[in-house]
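*Asks:* could you work out the structure for the sequence below:
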Amino acid sequence: MRFPELATRINSVIDRLVDLLPITRRHYYHPKMKGSFSIKVVLPTVTKEVDYDSIGEVHDGGAASGAYLEMIKSNTTSGRRSTLEKDLRAYCGLDTIAMKYLLDKLCGSIDQ
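*Replies:* Numbers count the residues shown, from 1 in each chain. I've put the predicted structure just below:
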């Protein structure tokens, strides 16, 4: 373990994480999803409030992985690293907001 002094705090966060995928599969479907349960496919059926196209060059998980790999290379300029970090933070932030919208939708669907 690399940071044993953080283990208790990290595990307390991990213990509170919930994967929405199996819950979504059991409790939510919209014909526009066409069989996909990807957050990028599910989200537009829940809200129009979140737009991934407005956040620079990181629009999906593949682009996020590529941006991170480029960002950690030693020959990446500080300006480019800053741009990639900004785009990654925006993308991850939108994913978090997307999960909140989905959770709200699921809770409303389950309560009804």
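
*Asks:* tell me which element the residue nearest to the spatial centre of the chain is part of?
*Replies:* The centre of the chain sits closest to D95, judged by CA atoms, centre = their mean, with a distance of 2.9 Å. Assessed by DSSP states H and E, D95 sits inside helix 78-111.

*Asks:* just checking, what packs against that helix?
*Replies:* helix 20-27, helix 39-46, helix 61-71 (3 or more CB pairs under 8 Å, 6 or more residues apart in numbering; DSSP states H and E). C-beta coordinates here come from the backbone N, C-alpha and C atoms, glycine included.

*Asks:* so how far is it off the chain centroid?
*Replies:* Its chain's C-alpha centre and that of helix 78-111 lie 5 Å apart, by CA atoms, centre = their mean, to the nearest Å.

*Asks:* low-confidence ranges, this protein, go.
*Replies:* Under the criterion pLDDT under 70, the flagged ranges of the chain are 109-112.

*Asks:* hmm, back to that, the helix holding D95 vs helix 20-27, what angle?
*Replies:* 30 degrees (axes from the mean of the first three to the mean of the last three CA atoms, to 10 degrees).

*Asks:* burial of R2, as a residue count?
*Replies:* Number of residues near R2 (other CB atoms under 10 Å) recorded here: 5.

*Asks:* show me what contacts it?
*Replies:* R2 makes no contacts at all, as judged by CB atoms under 8 Å, 6 or more residues apart in numbering.

*Asks:* where does it fall, phi/psi-wise?
*Replies:* Backbone geometry at R2, expressed as degrees, to the nearest 10, gives phi -80, psi -30.
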